[in-house]
Structure formats: C-alpha cells, structure tokens
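# Pasting the sequence and the predicted model now:
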Amino acid sequence: MRRVLFVCAGTLLAVAWTTAGQTNPRARDLGVPFEGTPGPLNSITDVKGVEVGYRTLISGEGKLVVGAGPVRTGVTAIFPRGKTSLDPVFAGWFTENGNGEMTGTTWVEESGFLYGPVMITNTHSVGVVRDAVIAWQLKRGMPAPLEDWWSLPVVAETWDGDLNDINGFHVTREDAFAAMDGAHSGPIDEGNVGGGTGMICFEFKGGTGTASRRLSEKHGGYTVGVLVQCNMSLHRYLMIAGVPVGREIPGQDVWGEDTGSIIVVVATDAPLLPHQLKRIARRVTLALGRMGSISGNDSGDIFIAFSTANPGAGTPGKTVDVRALSNEQMPALFEATVQATEEAIVNAMIAAKTMTGINNNKVEALPHDKLREALKKYNRLNEVR
C-alpha cells in the first residue's frame, strides 16, 4: 500500500489513499458468521464502476482549543460510475430518523437521479464539502450539452464532536478535492478513515465499513455493495450475528442515551427504477434493528441507494428505453441489502482502532478476543484457519 502524506499548518497529518487494500482484520477473519455470499472484495467496489476515496485528518492531542484541535475527522467520496463519468444513476433515499443531513435529496426524490458523488463528512463540514463538489466538477469542465450545468451535490454527515474539534472547521475544500481525486476501484480501507475517522458506534470506536453480496444466478447474479459511516447507538444494545455482545463484553458509557447517526450508501448493478431503489434503502433499517439500534431521537439515520444499470438513462433531451426488474424479483435484493449492511457495520467496528481525541476523551475499539469468546459461548464462532 502506498500513501501520500500532506503536512499542513502545525502538525496536521492529512492522508489521501492512492492505492488501498484492507490492512486491518475484518469480521470474517475473526470468525464472525454471516449469511449470504460476498463478492470477491466484500466491498461496495464489487459493483463495477464504483470508486471510493478518502481524506483522513488526524493531528494534536490533549485539551480542546477550538480552531487548533485536536483533529480527528475527514471526508469520504463515493462515485457510482467512477470520477470521470458524467452519466447519472437512478437513485432513491430514505431516512429512518431525521436528526441529520443529506443534502441534494429533494432533487433525488423529484428527479429519480443521482448526479455526481455521494460525499460523507462531519456535521459541521457539510457546507464546505458541498461547495467543494461543485468547484471540483466545474474545474474538470462540463462538455456540451451541459454548458448551463448546475449541481445539487449529495453530502451526508455524522457527528464526531466527542473526539474532534468539530467547531474548528478543519475540513477544507482541498480535503474534499483530495478525497474525490483519490477515488479508486478495488479494495478500500475501513475503520478510522475518511469521514469515519472520529466516529463512535455502540460506544466502541466506529468509522467506515463496507461489504457486499452476490446473488445467485437464479436471482440474476447481481451484486449489492454497501458502505457505512457508523456513529450510533448504545453499548448495551449491541448484537453481532445474533449474539448479545453488548451484555457479554464490558464497555464504557459514552453517551448515556441512544444518539449518534449512521449514513449508509447502497450500490447495485441490478436494473432498478427510483421507486425500487427507495424500497432497497428502506431495508437498511432492518440491518440496524438486527444489531440492536432503536434509532433514538438524536440519531440521523439516512440511507441512499443507486443502480449502475441503465447507462444513458439521464441523457438530456432524448427519449430512452430502460430495463427494470419486476417487484417479484426484489426479495433477493432486500435480503442482500440487509446482510451486507450488517456486515459493513461490524467490519467498521473490527477495523477501527482505539482513539483518543479532544480533552483526552478515549474511545476503546471493540476487543477482538472478547468478541470471539462471546461468539464461541453462543456456538456462533466460525473457526478460521
């Protein structure tokens, strides 16, 4: 793996991933049992064309000084057809609880299309990232017939203010540019990376995670890929593979009540229309329920799903023919979405490392050995050779 390191003012370390692969253990490596068949990478990038990029910002330690740090944040970029494509994709979105933000979704709802990337960052950096997407797209040039081009970028957030100097506004336009410029296919990193850098999940260290499912040939052989930025729920609720991990593994009290947020991006190559993709996005809630989340009052649980099928469907000024599965073919995709979302969240927690942030706030990572012990106790451990 090669990293490009940018040293900015002070000791800020910004990491843009140029080539990547999962260097941390994943849930399956520890013997966590999951249903379904993953794609070759078990990643959202198993959906052909999807590219993901990160910018990770980590600097400073000790007492919070607003504007100076400590900094534990970043940006994630997900391109449905890759960063060089101007071809929009059919999309649908859904919110389980709306104490959060995902910009651009009114136009997704109205038009049925997603134009450009999905970006994810921290709560107070949505504006700068949104503006950066427009500037980045303009910089690359909009060819005919798009001279009067305009943009309503999709930018989502979760709160990292327990570990990060969130009111210091450390995410910049250049950081968003780096995440977009660095987007790539193939394996991607998980845990404390990109927008997920400073996140907390079930009161253990959370972050960015991904997983995928490949449907059988009987169900079309389609792929469903998921990427999550998880920052939600309470330790005592945590269920993994049906095991009450939150009761079996002692944990810290970070929040006291159900709070936090989660952003989930679902990609598929199955030919689906916008209303069908909204149905896919709704199924994310079932994965959260499997893991114990109740989507508390202060939680922003927002999901978007898109299909890379039907290229050219958004061509201006033309009548186009599109393909779509029947509703009777949807259940296998629903199942794949639930399975991949659950595994992506667990992967994020497995990959995340213990982190100390502002005012020496420390959030412990989910202990791998204790997780294996809990799974074994309930006869749920897959022995890994």
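Yes, it's here. Numbering: from 1, shown residues only.
# Who are the contact partners of Gly194?
Contact analysis of Gly194 by Cβ atoms under 8 Å, 6 or more residues apart in numbering lists 53-56, 74-76, 120, 179, 208, 229. (Glycine included, C-beta is placed from N, CA and C.)
# Now those in CSV, please, with extra columns for secondary structure and pLDDT.
As requested, these are exported to CSV (DSSP: H, G, I helix; E, B strand; the rest coil; pLDDT from 0 to 100):
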residue, secondary structure, pLDDT
Gly53, strand, 98
Tyr54, strand, 98
Arg55, strand, 98
Thr56, strand, 98
Gly74, strand, 98
Val75, strand, 98
Thr76, strand, 98
Ile120, strand, 98
Ala179, helix, 98
Thr208, strand, 98
Gln229, strand, 98
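# can you pick the most crowded of these?
Ranked by neighbour count (other Cβ atoms under 10 Å), these have Gly74 at the top, with 34 neighbours.
# where's it relative to Arg380, distance?
Distance check for Gly74 against Arg380: by Cβ to Cβ, to the nearest Å, it reads 33 Å.
# for Val224, same thing?
With distances taken as Cβ to Cβ, Val224 is found 24 Å from Arg380.
# swap in Gly206?
Applying Cβ to Cβ to Gly206 and Arg380 gives a distance of 22 Å.
# So between the two, which is more surrounded?
The neighbour count for Gly206 versus Arg380, taken as other Cβ under 10 Å, is higher for Gly206 (33 against 15).
# isn't that one right up against Thr197?
No: using Cβ atoms under 8 Å, Gly206 makes no contact with Thr197, being 10.1 Å away.
# Do you have the helices of the chain handy? List them.
105-111, 126-140, 173-181, 245-248, 274-291, 331-351, 368-377 (DSSP state H).
# Those: which one's closest to Trp159?
Smallest distance to Trp159 across the helices of the chain (Cβ to Cβ): 11.2 Å, for helix 126-140.
# Packing partners of that closest one?
Packed against helix 126-140, as judged by 3 or more Cβ pairs under 8 Å, 6 or more residues apart in numbering; DSSP states H and E, are the following elements: strand 118-122, strand 154-158, helix 173-181.
# which one of the ones you listed lies closest to Ser111?
It's strand 154-158; of the helices and strands packed on helix 126-140, that one is closest to Ser111 (Cβ to Cβ) at 12.0 Å.
# Who are the packing partners of that closest one?
Here strand 154-158 touches strand 118-122, helix 126-140, strand 223-232, strand 260-268, strand 300-307, going by 3+ Cβ pairs under 8 Å, 6+ apart.
# what about the residue sitting nearest the centre point of the chain, distance to Gly116?
Taking Cα atoms, centre = their mean, the centroid of the chain lies closest to Val228, which sits 2.7 Å from it. The spacing between Val228 and Gly116, counted by Cβ to Cβ, is 20 Å.
# swap in Ile166?
Separation of Ile166 from Gly116 (Cβ to Cβ): 25 Å.
# Give me the buried positions along stretch 319-327.
Neighbour counts over stretch 319-327 (16 or more other Cβ atoms under 10 Å) mark 324-325 as buried.
# swap in stretch 38-52?
38-39, 41-47, 49-52.
# what stretches of this protein score poorly on pLDDT?
Scanning the chain for pLDDT under 70 picks out the ranges 1-23, 142-148, 384-385.
# Could I get the helices and strands packed on helix 126-140 in a markdown table, plus columns for distance to Phe334?
Below are the helices and strands packed on helix 126-140 laid out as a markdown table (distance: least, Cβ to Cβ, whole Å):
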| stretch | distance to Phe334 |
| --- | --- |
| strand 118-122 | 21 |
| strand 154-158 | 22 |
| helix 173-181 | 30 |
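# among those, which is nearest Gly104?
With respect to Gly104, and counting by Cβ to Cβ, the nearest of the helices and strands packed on helix 126-140 is strand 154-158 at 4.0 Å.
# how far does that closest one sit from the chain's center?
Counting by Cα atoms, centre = their mean, to the nearest Å, strand 154-158 is centred 10 Å from the centre of its parent chain.
# Can you give the contact residues for it?
Contacts to strand 154-158, defined as Cβ under 8 Å, 6+ apart, come from residues 100-105, 108, 114, 116-123, 125-126, 129-130, 133, 195-196, 199, 229-231, 260-263, 300, 302, 304.
# Give the burial count for the spatially closest residue to Ala270 that is not a sequence neighbour, as a bare number.
With Cβ to Cβ, 6 or more residues apart in numbering as the criterion, Ala270 has its nearest non-adjacent residue at 4.0 Å, and that residue is Tyr222. Burial measure for Tyr222: 23 neighbouring residues, criterion other Cβ under 10 Å.
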